[in-house]
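S.K.: coords please:
(one chain, ligands or ions: 2)
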Amino acid sequence: MTATIAEPATDRHVRQFEPLSPPSQLLDELPASVAAATVVERGRAEIADVLSGVDHRLLIIVGPCSVHDPAAALDYAHRLRGLADRLNDDLVVVMRSYFEKPRTTVGWKGLINDPHLDGSHDIAAGLRMARQFLLDVGELGLPTATELLEPITPQYVADLISWAAIGARTTESQIHRQLASGLSMPVGFKNGTDGDVQLAVDGCLAAAAPQSFLGIDGSGRAALVRTTGNPDAHVVLRGGRSGPNYGPGPVAAASALAADAGITPRLVVDASHANSGKDHLRQAEVARDLAGQIADGSPVIAGVMLESFLVEGSQALDVTARRPLTYGQSVTDACFSWETTEDLLTDLATANRKRNAAG
Ligand SMILES: O=C[C@H](O)[C@H](O)COP(=O)(O)O
Ligand SMILES: C=C(OP(=O)(O)O)C(=O)O
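M.R.: Ligands and ions are numbered 1, 2, ... in the order given. Predicted structure coming up:
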């Protein structure tokens, strides 16, 4: 007897599947130049050395909350390169190059997801634009940092990235922890949106372990990915609903929690997000407070994250309206200005020199 085949019970809420070119095709189209690859490797090694305490400089992860206009972000990168060169004795400067935005509910999800800022979600173009941007910044001589939000994206861009974040909204996600265990760069796990630092510590432990999970390979095929574990996973403090956690008490407590778990006690503090209430003026105050803690000899603040762009503040992006945007101003969280960036990085460099001079 032949069984009657049922109607498929899947994809009831899927409008369309659009195949993407495999990662290998984009890498062939936009290969890493020797100059860019050298910067990526140097950045990864320097960040790992700062985290372990071998390199006594301070890690600075700075740049726009998100890249929405690659030309403006590249303009920023040119300025940052000059500043990073001047402060190179005291700081390891890495540019925030964030193309994937996690949203609390809904909103623009970043350049990869919606590169034309119009709701068309041309992800193929977004991946190409992100890769081109990373190449351009690498060739300028600056290492890059990003948040990795989708487990498929890294195959398209990760060879050009020196530091990656697992964000507050995904730090508890097994998928992201497994992903981090196979990444080639140091990965920072943010505390959860509620402020729970244990989630970040647990993330670091899972990322440090070998993992086997489902992913894609360079040819875009579904694959069983077996990893060896990431030796450079660390905690990033970003505050949470329970309040900010950049002060000396919370920093020491988080460091002790990491050390007790066998994770590096040295960590990165994010001056933005829930540590500043997303207020760029408050963020500058938090950065000055961190400079004070560093100058006073804090042994555990390995790095500081800052959100900065050419023009201070933020502007609303309405993907349906196509209103002209202010050049060099964030369309996601508020950033402080280029002028404030110069002042704050100079203060942080001075603070770190003082910490080192005191031994
Ligand atoms: O870093 C950016 C934002 O804080 C994050 O993407 C969440 O933004 P939302 O709360 O505006 O969605
Ligand atoms: C989304 C970000 O941070 P968090 O995960 O801390 O909210 C970010 O750094 O852009």
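
S.K.: all contacts plus neighbour counts: C-alpha atoms, from now on.
M.R.: Will do.

S.K.: Residue of the stretch 151-300 of the chain nearest ligand 1, please.
M.R.: Minimum separation of the stretch 151-300 of the chain from ligand 1 (Cα to the nearest ligand atom) falls at His273, amounting to 5.8 Å.

S.K.: so what's that residue closest to, chain neighbours aside?
M.R.: Closest residue in space to His273, ignoring its immediate chain neighbours: Arg238 at 6.1 Å, by Cα to Cα, 6 or more residues apart in numbering.

S.K.: thought the one you found was touching Ala271?
M.R.: Yes: using Cα atoms under 8 Å, Arg238 is in contact with Ala271, at 6.9 Å.

S.K.: Please tell me how far the residue nearest to His273 sits from Ala295.
M.R.: Computed as Cα to Cα, to the nearest Å, the Arg238 to Ala295 distance reads 21 Å.

S.K.: out of those two, which sits in the busier spot?
M.R.: Using other Cα atoms under 10 Å, the more surrounded residue of Arg238 and Ala295 is Arg238, with 27 against 21.

S.K.: which strands and helices sit next to the strand or helix carrying Arg79?
M.R.: Using DSSP states H and E, Arg79 maps to helix 70-86. On a contact count with 3 or more Cα pairs under 8 Å, 6 or more residues apart in numbering; DSSP states H and E, helix 70-86 meets strand 91-96, helix 123-140.

S.K.: Can you tell me what sits against the longest one?
M.R.: So the one you mean is helix 123-140. Here helix 123-140 makes contact (Cα atoms under 8 Å, 6 or more residues apart in numbering) with 20-21, 26, 30, 32-33, 35-37, 39-40, 70, 74, 77-78, 81, 97, 99, 111-115, 143-144, 153, 156-157, 160-161.

S.K.: Please narrow those residues to those residing in strands.
M.R.: Judged by DSSP state E, these include Thr144 as members of strands.

S.K.: got the CA coordinates for stretch 54-67 in PDB?
M.R.: What follows is stretch 54-67, C-alpha atoms only, in PDB (Å, rounded to 0.1, in the frame of the first residue of the first chain):
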ATOM      1  CA  VAL A  54      52.800  40.600  29.000                       C
ATOM      2  CA  ASP A  55      52.300  43.900  27.100                       C
ATOM      3  CA  HIS A  56      51.800  46.700  29.600                       C
ATOM      4  CA  ARG A  57      49.800  49.000  27.300                       C
ATOM      5  CA  LEU A  58      46.100  49.600  27.600                       C
ATOM      6  CA  LEU A  59      43.700  48.100  25.000                       C
ATOM      7  CA  ILE A  60      41.300  50.700  23.600                       C
ATOM      8  CA  ILE A  61      38.400  49.500  21.500                       C
ATOM      9  CA  VAL A  62      36.900  52.600  20.100                       C
ATOM     10  CA  GLY A  63      34.800  53.700  17.200                       C
ATOM     11  CA  PRO A  64      31.200  54.200  16.100                       C
ATOM     12  CA  CYS A  65      28.400  52.200  17.700                       C
ATOM     13  CA  SER A  66      27.700  50.900  14.200                       C
ATOM     14  CA  VAL A  67      29.000  51.400  10.700                       C
END
